[in-house]
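> sharing a model prediction with you, sequence too.
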Amino acid sequence: MRLTLAATLAGVVFGLVACDEPAPVIVEAPTSAREYDLSLPEVSPVEPAPISPPEDPPTTLKLVLLATQVPDDPTQARATIRDEEAGTIAQYRPGDAIRKTAIVATIERGRVILLHDERRERLEVGLAPAVIATDDVFYADLVDDALGDTIQDGVRLDPGPGWMIKTPSYAWGTKRTVHRLREALRAYARVAEGGPDVHVGDISKSGGGPFPPHLSHQAGRDVDIGYVLSGKDADVSRFLRAHSGNLDRARTWKLIRATLETRAVAWIFIDYDVQKLLYDEAVRVGATKDALDTWFQYPHGNRAMHGVLRDWRGHDDHFHVRFAQ
């Protein structure tokens with residue numbers, strides 16, 4: 001008996017067959033070429049899943065977003081924000097500064113993106129009701145929609161005897177504002193008894209409109225004015241922080257008093273510590289108790305809804321006058 005190898009391609013089966021005669025090798029032809037196509041199937045390339053950018057971290061600033069208004073025009077969006085440190089509530093637009101190092105980049109529904117120290121941070125409306133303190137100060141008219149964003153028939157304040165303009169292209173205001181401001185500057189010059197020129201800063205751009213990083217200065221009724229300083233700081237053109245060592249209290253109070261006497265002032269924003277220095281000066285020159293109570297927020301606290309002169313963050317190197325309409 002001889003052992004013979006038999007093979008079939010159909011099953012690729014191998015085996016030993018016992019037979020007396022030599023067995024032929026059997027090769028079965030495939031029924032079709034496709035039946036034995038052992039190639040791998042074609043696979044479409046898989047698109048990598050898009051990688052979402054990391055979400056902006058929550059802001060580290062002590063701010064509370066109370067509400068947002070987002071119309072079709074994103075430049076007209078508004079965000080109402082409470083500053084927990086200052087105890088103030090105000091409306092902001094894209095481009096407005098909340099701090100010197102924090103600017104509102106975009107306003108979305110229920111969310112604000114800030115640029116804080118050049119880093120993006122988010123501020124969102126919380127799930128829990130916001131707690132509003134009884135002594136919070138709300139300046140709703142800093143962004144006054146009734147005024148619009150333009151100045152009709154605006155005029156520019158030019159330099160004059162006793163005052164200089166820091167940036168003439170930003171010294172545009174309403175006719176009434178520029179008239180009252182010039183009136184106050186001239187009245188001050190008559191009683192200042194010499195001294196350095198008053199430094200007038202930004203009012204508005206020609207034609208008005210958003211003026212980053214300012215919160216207001218859009219309708220020609222807001223004016224930044226430097227404190228009158230003494231010594232080596234007196235003639236520095238940029239605004240410098242006023243304090244007990246460099247503030248010319250007598251001249252600064254005469255300047256603010258002349259502004260108040262235009263009877264066209266809605267608010268004057270002055271750092272609370274500077275208010276104290278000016279309050280003491282007003283007492284020294286004989287201001288009555290009723291007048292002091294009308295003019296000053298000091299000494300009632302920097303969140304008191306009291307007086308024309310009010311504390312506002314960032315006004316220790318200049319004061320801000322909002323003229324009434």
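Received, thanks.
> can you list the weak-confidence ranges in the stretch 201-325 of the chain?
Along the stretch 201-325 of the chain, the model assigns pLDDT under 70 to residues 215.
> and the strands in it?
With DSSP state E, counting those that start in this stretch, the ranges of strands along the stretch 201-325 of the chain come out as 222-225, 265-269, 309-310, 319-323.
> redo those strands as JSON lines? Include distance to D290.
From N, CA and C alone the C-beta is placed, and that goes for glycine too. Below are the strands of the stretch 201-325 of the chain laid out as JSON lines (distance: least, C-beta to C-beta, whole Å):
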{"stretch": "strand 222-225", "distance to D290": "26"}
{"stretch": "strand 265-269", "distance to D290": "17"}
{"stretch": "strand 309-310", "distance to D290": "15"}
{"stretch": "strand 319-323", "distance to D290": "22"}
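> between the ones you listed, which one is nearest to V285?
Among the strands of the stretch 201-325 of the chain, the nearest to V285 by C-beta to C-beta is strand 309-310 (15.9 Å).
> contacts for the closest one next, please.
Strand 309-310 is touched from outside by V137, I256, W267, I268, F269, I270, Q275, L278, W295, F296, Q297, Y298, with contacts defined as C-beta atoms under 8 Å, 6 or more residues apart in numbering.
> bridged to the third one, which residues?
Think W267. With DSSP bridges as the criterion, the beta-bridge partners of W267 are R322.
> and it, how far from W312?
9 Å (C-beta to C-beta, to the nearest Å).
> repeat that for the second one.
Distance, I256 to W312, by C-beta to C-beta: 15 Å.
> now V178, what's its secondary structure?
Taken by DSSP: H, G, I helix; E, B strand; the rest coil, the conformation at V178 corresponds to helix.
> count of residues packed around it?
Around V178 sit 21 other residues, with neighbours defined as other C-beta atoms under 10 Å.
> the closest residue to V274 other than its chain neighbours: neighbour count?
In space, and not counting its chain neighbours, V274 is closest to A242: 5.4 Å by C-beta to C-beta, 6 or more residues apart in numbering. A242: 27 surrounding residues under other C-beta under 10 Å.
> A242 against L229, yeah?
Yes: taking contacts as C-beta atoms under 8 Å, A242 lies within contact range of L229: 6.5 Å.
> picking that back up, so which of I256 and W312 has more stuff around it?
I256 (26 against 23).
> look up how far A287 lies from V228.
Taken as C-beta to C-beta, the span from V228 to A287 is 18 Å.
> of these two, which one has the most company?
V228 (26 against 18).
> coming back round to it: anything in contact with each of W267 and W312?
H320.
> before we move on, back to that, most neighbours, which of the contacts of strand 309-310?
I270 (30 neighbours).
> quick one, what contacts it?
I270 neighbours (C-beta under 8 Å, 6+ apart): I256, L278, L309, R310, D311, W312, H315, F319.
> any chance of the residues you listed in TSV, plus distance to A189?
Output for these, formatted as TSV (distance: C-beta to C-beta, whole Å):
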residue	distance to A189
I256	14
L278	19
L309	22
R310	26
D311	28
W312	27
H315	23
F319	18
